[in-house]
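A.B. asks: Attaching a predicted model along with its sequence, questions to come.
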Amino acid sequence: MPRIEKLATDNLTVATFSNLSIKDDAASKTAGRPIYNDVPVCTLKFSANKQTVGVFPAHEIFRWHDDPESGERTPLTYALAFPDQYRAFMNGEAQFASGTPLSELPFITQGKRLELKAINIHTAEALAVIDGNALKMLGLGGRALKEQAQAYLDTAAGTADVTAIAAENADLKARLAALEARISGAPAGETMAIPAAAAAADDQSPFFIMEPEDIRNWLVETTGKTPAEGLNHPALVKLADQVNAALAAKASGLDRPLDDLSDDELREHIKAKSGKAPAHNAGRASLLARAAELGNLAAA
C-alpha cells in the first residue's frame, strides 16, 4: 500500500485501540449460554475538546486516501490511519500519541504538561497546530506556547537536514581518502587502476567524486603528461576513465583498452577473470570499474 501522509488534523487526534466485547445473540441462543466476541475498536479523542469522544470499529473506513502519484483513491481504515497505535495494541504494548512528547519541550513546566494532557494535548505537533476556540482553552500565554512548539519543530527539522548533509559529506570524504590511499600505495613507477568500490553509483565514474585538481594530479602521476588547460570536471572525468581503462586492460593482458570493449565483452571478461558473472542490471560504468579492479588483483 502507498505511504500514507499525515494530515494536519491528525496531530489533534488522540487514537487508542482496545477490544470491545459484544454479545453474539445468535451464537448465545444456539449454545444456551452467553457468547461474546471481542471486536477491535478505535477510540478517538481530540485536543482541547473534552466533550467529543468517538468509538469506531478498527477496520471500518476512517477517511479516503488519494495517492498523489497514481491518483487512485483507496479507503483508509482507523487501523491504517493510526498504524503505530494499532501495532502497539496488537502486540500488547502501551499506546502513545504519535509525535514528539511534551516532555521533550524544555520551555514547558511539569505543571503545564499535566494541564495540556488533561485536555488531550500530548505532543509538540498537537500544540503547534491547535487554533481557534481550542487555543483559547490554553488560557493566558497559550499562543506563545503554540509558537514556541512550532519553532521547536522547525529547528529540529533543520537540524535533521544538517545532520543528513554532514553524513553525506563524511561518506564522500571517506571515499576520496580510500582513493588517495589506493593510488599512493601502488608500487614505485606503477599506477593502479581505480577499483569498483570507489564508484558512488552503478552508472557513475569512480572519478566523479574527486575534485578537478585531484583528477589532474592523478593523470599527471599516471601518464606523465599534464592535461590541457580549460578542461572542466566532466571532461577530466572522461579522460581519467579512458586512462583508467587502459591501465586495467594492460594489467589484465588485453590487447585493447577496456573502454573499447562492448558490454557483452566486458561481462565475458569479468566472468573469465573472477569465475562469476556480473549482475544482469550492472551499468557500463560498473562493468568497467569491476574489470579495472580485477586487473589490479591480477597485477598484485
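C.D. replies: Okay, I see it.
A.B. asks: give me every residue that touches G54.
C.D. replies: Applying Cβ atoms under 8 Å, 6 or more residues apart in numbering to G54 gives the contacts 43-44. Placement of C-beta: from N, CA and C, glycine included.
A.B. asks: is it true that it lies in a strand?
C.D. replies: Yes. Assigned with DSSP: H, G, I helix; E, B strand; the rest coil, G54 falls within a strand.
A.B. asks: Give the bridge partners for it, please.
C.D. replies: Applying DSSP bridges to G54 gives these bridge partners: L44.
A.B. asks: any idea how far E60 is from it?
C.D. replies: 11 Å (Cβ to Cβ, to the nearest Å).
A.B. asks: And for T223?
C.D. replies: 72 Å.
A.B. asks: who's more crowded, these two?
C.D. replies: Set T223 next to E60 and count neighbours by other Cβ atoms under 10 Å: T223 wins out with 15 against 12.
A.B. asks: show me what contacts the more buried one?
C.D. replies: V243.
A.B. asks: Repeat that for V53.
C.D. replies: Shown in contact with V53 (Cβ under 8 Å, 6+ apart): 43-45.
A.B. asks: please redo it, this time with the cut-off set to 7 Å
C.D. replies: V53 sits next to 43, 45 when contact means Cβ atoms under 7 Å, 6 or more residues apart in numbering.
A.B. asks: next one: L261
C.D. replies: So, once contact is read as Cβ under 7 Å, 6+ apart, L261 ends up touching H269.
A.B. asks: distance of it from H280?
C.D. replies: Distance from L261 to H280, by Cβ to Cβ: 18 Å.
A.B. asks: Return the set of buried residues in stretch 52-67.
C.D. replies: If you call a residue buried by 16 or more other Cβ atoms under 10 Å, then stretch 52-67 has these buried ones: 58, 62, 65.
A.B. asks: Likewise for stretch 12-20?
C.D. replies: Applying 16+ other Cβ under 10 Å to stretch 12-20 flags 12-17 as buried.
A.B. asks: what does it contact?
C.D. replies: The contact list for stretch 12-20 (Cβ under 7 Å, 6+ apart) reads 38-47, 58, 82, 85-86, 89, 95, 97, 120, 122, 126, 129-130.
A.B. asks: Spell out for me the ChimeraX command that would select the buried members of those.
C.D. replies: To isolate the buried members of the contacts of stretch 12-20 in ChimeraX, using 16+ other Cβ under 10 Å:
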select :40,41,42,44,45,46,47,58,82,85,86,89,95,97,120,122,126,129,130
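A.B. asks: low pLDDT regions in the stretch 1-150 of the chain?
C.D. replies: Flagging of the stretch 1-150 of the chain using pLDDT under 70 yields the residue ranges 1-11, 48, 97.
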